[in-house]
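> Starting from these lines, generate the structure:
(one chain, ligands or ions: 1)
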Amino acid sequence: MHEADIYSPRRKTSEEGAMAENYTEMWGKLGLNLEAHEGLLAVLGDAYQSIYLSQKNRPTGMQYFDFVVSEVHGQRIVELLKAKTDGKHIIGTFCIYVPEELILALDGVAIGLCAGADVGAEEAEKYIPRNTCALIKGFMGFKLAGLCPYVESADLIVGETTCDGKKKAYEMFDKVTGKVYVMELPNKKGEDGRMLWRHEVKRLADKLSEVTGRELTLEGLRKAANVVNEKRKALQRLSRLRSFVPSPISGLDALLINQISFYDDPIRFTTKLNELCDELDARVTSGVGVAPKGTPRVLISGSPMAIPNWKLHYTVESSGGIVVGEEACVGERNFKDLMPAFSTVEEAIEKMADRSMSVNCACFTPNDGRMDDIVAMSNALHAKGVIHYALQFCTPYLYEAYKAKDAMEASGMPFLKIETDYSMEDMGQLKTRVEAFLEILKDGARA
Ligand code: BJ8
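From the prediction side, this is the model:
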């Protein structure tokens, strides 16, 4: 099935029909479970229709991102396979500590792997414990159920010793893919930790050189750093635009753009995002927003939301609120710091390592910088409340929810703690809690 058809009720043209058959052939060659895959695309198509395409007053620049989603397992995979025949290598990742610029500098294509849907859980539980977070179950499940063309296209998958769940799951993931390479991330950010991480980034550079057959050069690094920095700048621009009241774009759309940033071509993505931001600039100038002034503005902070996890944003925005930022890895943590200038390959590796170490992930101890980030973001984005989001069984973020609550109380910011997974079973309860929280924010605005 051609995925674009899912989002459009019109009849297929003959050209599209031929393309659909090509995709099926491609998915078959990649070893996907065609029947299950078709079912997944149909479910996602319905969800996209009701969550995304039903939104009112969307910027026209979102059409590009709708198209990218419609082709997430289609045209983008065609592009990756073409890149491989052109001599490039596909490198899958799961964490923003893995420096994207290093992959690009060695002629790789960096791809964030599928982990945002509740699929293949039964299969996954043959390899990992039941009480594992949905994100880990998701990546195991996508692979084991034969649903992820990205894993199948990848030449190497880079893991990291972040939380206990991930680092143990990578042992099993390697067993079923044979492609996993693990970086050792320290638990603390002192000098010893920094030295270890610089060493690990150098070790990754050597591994990537071995896989790609390319040499790391200053010129390659500069070019790659520029590409990734431009993408980060465009994402920063989008983030700043969400600070305006009324917000010119929904939280759902902004989340989607952040999710797409992990697998789209980075140069094309940056161009399209800047075009969208031009449109949002014009909206801000003329006071056009997606929700009226007075709509409760919420910052979400916590575990990452991989595509197609839109559950909490949808709940907030279908309950009369608007999400104005994500203190999360699919969000601000991913683009907040740029890669600084460098003049040698060695210096580039050090700066790359130091830049990614500046990410305030709950896997580190202590991690007080994250609390400062939540306060700073909620002020900059004019949020009226913070929702702390942790996936069930995500120990690092569940623990930090207590600290975040204290930090929010100290700054007088209403706070709601949510613990959930990818299933729809708790949607009713979730909605009730979110609606009650939004009422508090409205009352605060009236007081
Ligand atoms: S830098 S947040 S992307 S590690 S949700 S698997 S933490 S139990 S994903 Fe992460 Fe890198 Fe940190 Fe960001 Fe474990 Fe929690 Fe599951 Fe998680």
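
> could you point out which element follows the host helix or strand of residue 181?
Assignment of secondary structure by DSSP states H and E places residue 181 within strand 180-183. For strand 180-183, the succeeding helix or strand toward the C-terminus, using DSSP H and E, is helix 191-212.

> For the stretch 201-350 of the chain, which segments are assigned as strands?
Assigned strands in the stretch 201-350 of the chain, in chain order: 297-302, 322-327 (criterion: DSSP state E, counting those that start in this stretch).

> Compile the ones you listed into JSON lines and extend it with columns for mean neighbour count.
Backbone N, C-alpha and C define where each C-beta goes, glycine included. Output for the strands of the stretch 201-350 of the chain, formatted as JSON lines (neighbours: other C-beta atoms under 10 Å):
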{"stretch": "strand 297-302", "mean neighbour count": "28"}
{"stretch": "strand 322-327", "mean neighbour count": "26"}
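
> Tell me which of these sits nearest to residue 411.
Residue 411 lies closest to strand 297-302 among these, at 11.8 Å (C-beta to C-beta).

> who does that closest one touch, helix- and strand-wise?
helix 311-317, strand 322-327, helix 368-380, strand 385-391, helix 395-410, helix 427-446 (3 or more C-beta pairs under 8 Å, 6 or more residues apart in numbering; DSSP states H and E).

> how many degrees apart are it and helix 395-410 in direction?
Orientation check (axes from the mean of the first three to the mean of the last three C-alpha atoms, to 10 degrees): strand 297-302 against helix 395-410 gives 140 degrees.

> So which of the helices and strands packed on strand 297-302 has the densest surroundings on average?
Highest mean neighbour count of these: strand 322-327, a mean of 26 (counted as mean count of other C-beta atoms under 10 Å).

> residue ranges of the helices in the stretch 51-200 of the chain, please?
Assigned by DSSP state H, counting those that start in this stretch, the stretch 51-200 of the chain shows helices spanning 62-70, 75-85, 100-105, 121-124, 134-144, 149-153, 164-177, 191-212.

> any chance of these in JSON lines, with mean neighbour count, distance to residue 386 and mean pLDDT too?
Shown next, in JSON lines, are the helices of the stretch 51-200 of the chain (neighbours: other C-beta atoms under 10 Å; distance: least, C-beta to C-beta, whole Å; pLDDT from 0 to 100):
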{"stretch": "helix 62-70", "mean neighbour count": "19", "distance to residue 386": "26", "mean pLDDT": "97"}
{"stretch": "helix 75-85", "mean neighbour count": "16", "distance to residue 386": "34", "mean pLDDT": "98"}
{"stretch": "helix 100-105", "mean neighbour count": "26", "distance to residue 386": "28", "mean pLDDT": "98"}
{"stretch": "helix 121-124", "mean neighbour count": "18", "distance to residue 386": "30", "mean pLDDT": "95"}
{"stretch": "helix 134-144", "mean neighbour count": "25", "distance to residue 386": "21", "mean pLDDT": "97"}
{"stretch": "helix 149-153", "mean neighbour count": "21", "distance to residue 386": "32", "mean pLDDT": "97"}
{"stretch": "helix 164-177", "mean neighbour count": "18", "distance to residue 386": "25", "mean pLDDT": "98"}
{"stretch": "helix 191-212", "mean neighbour count": "16", "distance to residue 386": "28", "mean pLDDT": "98"}
